[in-house]
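# kindly return the folded structure for what I paste below:
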Amino acid sequence: MSAAPPTCGEFSRALVIKLRHHGDVLLTSPLFTVLKQAMPACDIDALVYAETAPMLDGHPAIARVHTIDRRAGETRLGDELRLFTTLRAQNYDLLIHLTESWRGAWLARFLRPRCAVATFSSLRPPAPLWRRTFTHLAPLPPLGNRHTVDCHLDALRRLGIRPRPNDMALVFVPGAEADARVDALLADHDLSAGDWVHLHPASRWLFKAWTVAGYAELIDRLEARGQRVVITTGPDPREMALAAEIRACCRAAPVDLAGRLTLKELGALIARARLSICVDSVPMHLAAAVGTPVVALFGPSNENEWGPWQVPHRVVTSDYSCRPCRLDGCGGGKVAECLVFLTTNKVMAAVESLLVETEER
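A predicted model of the protein is given here:
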C-alpha cells in the first residue's frame with residue numbers, strides 16, 4: 001500500500017463505485033463535489049446499481065453515471081462484459097471504491113487504474129487480496145462515531161484532499177420534467193410551495209416505521225393547526241397499504257400521493273414542502289439534499305451515522321438503552337419497540353419546534 005498521497009492534478013479520469021441502496025448512493029453525492037473542486041479538469045464518472053441511478057443523475061460534478069444490474073449470473077454475463085469493455089475504454093487513472101463489495105474490487109483489478117482507493121473497517125484488517133487490489137486504503141472508525149457522508153470523504157482524505165464545509169452538502173437534481181409534474185399536482189390540490197407539510201411514513205424496511213395510530217393523530221393535530229399534510233410512499237404495496245391504513249384512521253383528509261411519484265418527482269415535491277416528516281429512509285436524505293427542514297424518527301438505526309445532513313432538523317428517539325441496535329426489530333421480530341412506543345406529543349413537539357425555528361430564519 002502506497003504511503004504518500006499522489007498529486008491530484010495528475011488524474012484525468014476517475015470512477016467512483018457505490019453498489020448499495022438508494023440512500024447510500026445519495027450520501028456519496030458530496031464526494032463528487034469535493035473531488036471536482038480538487039481536480040477541475042478531471043472527468044468523474046459513477047458506477048451504481050441501475051435502480052439507484054436517479055440519485056446521481058444530473059449531478060453537476062459527474063460526467064456519466066454507469067449502471068450495473070444488482071443480480072449477477074449467466075443471464076447478465078453479456079451485459080456485464082459490455083459494461084467492462086465500456087469502462088476499460090475510459091482509461092481511468094483513479095478509482096474509488098466505497099463499499100466492501102468484492103464485485104467492485106474485481107472491477108478495480110480489471111480496470112487497472114494507476115491509483116485505486118478503498119475503505120475498510122478499522123475493527124478488522126483487510127484481506128490480503130484486498131490489500132493487493134488497491135494502492136490506497138482508508139480505515140473507517142467503528143460504527144456510530146461518524147456520519148456516513150464523512151466516512152465516504154475519508155477516501156479523498158487518504159489522497160490528501162481536504163473537504164471544505166461548503167462543498168459537503170448533498171446534491172440531488174429533480175430535473176425539469178419532475179418539477180413540472182409536481183407543480184401540476186400541487187396546483188390540482190390548491191397547494192403552494194412552502195404552505196404544507198410532507199409526511200413519508202414508511203421505509204423499504206417497515207420495522208423502521210412508526211405506528212398507524214401515531215401517524216394518524218399527528219396528521220389530525222397538524223391539520224387542526226392549519227397545516228395541510230401531503231402523504232407519500234414508494235410504490236411497494238406494503239408501503240401503500242400502510243398509507244391507506246393511516247388515512248382511514250384520520251379525521252382530517254390529507255392529500256394522498258402514496259405510490260404515485262418517481263424518485264425524481266419525490267425530491268421535487270419535498271423541495272416545495274415547508275417541512276418533511278420521515279423515518280430513516282431515502283426521503284429523509286432527499287429532504288436534506290433539497291434543503292427542506294426535516295423531522296426524523298429513529299429507532300434501531302443510528303442517527304449519528306444516518307441522520308439528516310447539513311439541514312435544519314429534529315431527530316426524535318426514545319430512551320431505550322439498547323438503541324441503536326441495528327436489528328430488524330426487537331429480537332429480529334420486525335417490530336422495534338423503541339419506535340412504536342414514541343408518543344405523539346414527543347413527535348409533535350419536535351415538529352412545532354422546527355416550524356418555529358424555520359419561521360424565524
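# tell me which helix or strand comes right after the helix or strand encompassing Pro139.
Assigned by DSSP states H and E, Pro139 belongs to strand 136-140. Remark: after strand 136-140, the chain's next helix or strand is helix 148-157, criterion DSSP H and E.
# the following helix or strand past that next one: how far from the chain's middle?
Downstream of helix 148-157, the next assigned helix or strand under DSSP H and E is helix 176-188. How far helix 176-188 lies from its chain's middle: 23 Å, per Cα atoms, centre = their mean, to the nearest Å.
# give me the contacts around helix 176-188.
For helix 176-188, contacts defined as Cβ atoms under 8 Å, 6 or more residues apart in numbering pick out Pro174, Ser192, Ala193, Leu257, Leu261, Thr262, Lys264, Glu265, Gly267, Ala268, Leu269, Arg272. C-beta here means a position set from N, CA and C on the backbone, and glycine is covered the same way.
# and Gly23, that one's in a strand?
No: Gly23 sits outside any strand when classified using DSSP: H, G, I helix; E, B strand; the rest coil, being helix.
# how much space between it and Lys346?
24 Å (Cβ to Cβ, to the nearest Å).
# and those two? which has more neighbours close in?
A direct count of neighbours by other Cβ atoms under 10 Å for Gly23 and Lys346 places Gly23 higher, at 20 against 13.
# need the contact list for Pro308.
Taking Cβ under 8 Å, 6+ apart as the criterion, Pro308 is in contact with Met284, His285, Ala287, Ala288, Val294, Ala296, Val315.
# let me redo that: Val347
Trp210, Gly214, Leu218, Ile277, Val295, Leu297, Val316 are the contacts of Val347 under Cβ under 8 Å, 6+ apart.
# most neighbours, which of those?
Ile277 (30 neighbours).
# assign it to helix, strand or coil.
Using three-state DSSP, the structure places Ile277 in strand.
# which residues does it bridge with?
Leu199, Val295 (DSSP bridges).
# is it in contact with Ala202, as I believe?
No: between Ile277 and Ala202 there is no contact, the gap being 11.9 Å when judged by Cβ atoms under 8 Å.
# okay, now the unreliable bits of the protein?
Residue ranges of the chain with pLDDT under 70: 1-9, 71-76, 144, 360-361.
# which helix runs longest in it?
The residue-count maximum for a helix in the chain (DSSP state H) belongs to helix 344-360.
# now that helix against strand 275-279, angle please.
If you take axes from the mean of the first three to the mean of the last three Cα atoms, to 10 degrees, helix 344-360 sits at 150 degrees to strand 275-279.
# which parts of helix 344-360 are buried?
Thr344, Val347, Met348, Ala350, Val351, Glu352, Leu354, Leu355 (16 or more other Cβ atoms under 10 Å).
# picking up where we left off before, show me the contacts of Val347 that map onto helices.
Going by DSSP H, the helices hold Gly214, Leu218 from the contacts of Val347.
# in this protein, which spans are strands?
13-17, 43-49, 64-68, 94-97, 115-121, 136-140, 196-200, 228-231, 255-256, 275-279, 294-297, 313-316 (DSSP state E).
# Pro54 is in contact with Leu26, correct?
No: Leu26 is beyond contact range of Pro54, at 9.4 Å (criterion: Cβ under 8 Å).
# rewinding a little: so which of the strands of the chain gets nearest Thr86?
strand 64-68 (7.1 Å; Cβ to Cβ).
# contact partners of the closest one?
With Cβ under 8 Å, 6+ apart as the criterion, strand 64-68 contacts 15, 19, 45-50, 53, 56-57, 80, 83, 86-87, 103.
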